[in-house]
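> No letters, just coordinates:
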């Protein structure tokens, strides 16, 4: 059996590993099911239920994903290390093994103040921006 050389290892990092990195992990797993995809936080605080809700609207169930600390992956090798918030970029550890570091800055929808409907809409905006960025990245990845 021929080995699949297109399998990539990706880690997505944000501060809390509760919203943005979890959403990104869900989209990567949907669009690249043959890749090994992880997410982690520099200060994990648990999966945000609104992130689960807005991903279910896209048909992606992230409810079984767990918030993890970046420290548990420090000895792992990744093809891509993607930070999705500015704080995580500043605090991202170095991963040995030739990883390509990418930074995408997305606002934290949990800091939005407003009524519940407005807050859900902010989560949707961030979710859609993450999906768009991932699809663009994957299109460029195919061209390489």
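Looks like it came in fine. This is a predicted model, so every value here is computed, not measured.

> At which residues are the helices of the chain located?
Using DSSP state H, the helices of the chain run over residues 20-31, 49-56, 86-91, 116-143.

> Lowest mean pLDDT across those helices, which one is that?
For the helices of the chain, the weakest mean pLDDT is recorded on helix 86-91, namely a mean of 76.

> list the buried ones in that one?
Neighbour-count burial for helix 86-91, counted by 16 or more other Cβ atoms under 10 Å, picks out 87-89. No exception for glycine: its C-beta is placed from N, CA and C like everyone else's.

> which other residues reach stretch 102-114?
With contacts defined as Cβ atoms under 8 Å, 6 or more residues apart in numbering, stretch 102-114 is touched by 18-20, 48, 50, 80-86, 89, 118-119, 122-123, 125-126, 129-130, 133, 137.

> Now with 6 Å, please.
Residues outside stretch 102-114 that contact it (Cβ atoms under 6 Å, 6 or more residues apart in numbering): 20, 82-84, 86, 89, 119, 122-123, 126, 133.

> I only care about those residues that end up buried; give me the ChimeraX line for that.
Applying 16+ other Cβ under 10 Å to the contacts of stretch 102-114, the buried members can be selected in ChimeraX as follows:
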select :20,82,83,84,89,119,122,123,126,133
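
> ok, the contacts of stretch 102-114 vs residue 66, which is closest?
Set against residue 66, the nearest of these by Cβ to Cβ is residue 20 (15.5 Å).

> The closest one and residue 86 touch, don't they?
No: the criterion here is Cβ atoms under 6 Å, and residue 20 misses it with residue 86 at 11.2 Å.

> from memory residue 29 sits against residue 37, does it?
Yes: taking Cβ under 6 Å as the definition, residue 29 is a contact partner of residue 37 at 5.3 Å.

> More neighbours: which of those two?
residue 37 (21 against 17; other Cβ atoms under 10 Å).

> who's in contact with the more buried one?
Going by Cβ under 6 Å, 6+ apart, residue 37 touches 10, 25, 28-29.

> any idea which of the residues you listed is closest to residue 100?
Checking those against residue 100 with Cβ to Cβ, the nearest one is residue 10 at 9.8 Å.

> Check what pLDDT residue 114 gets.
Looking at residue 114, its pLDDT is 88.
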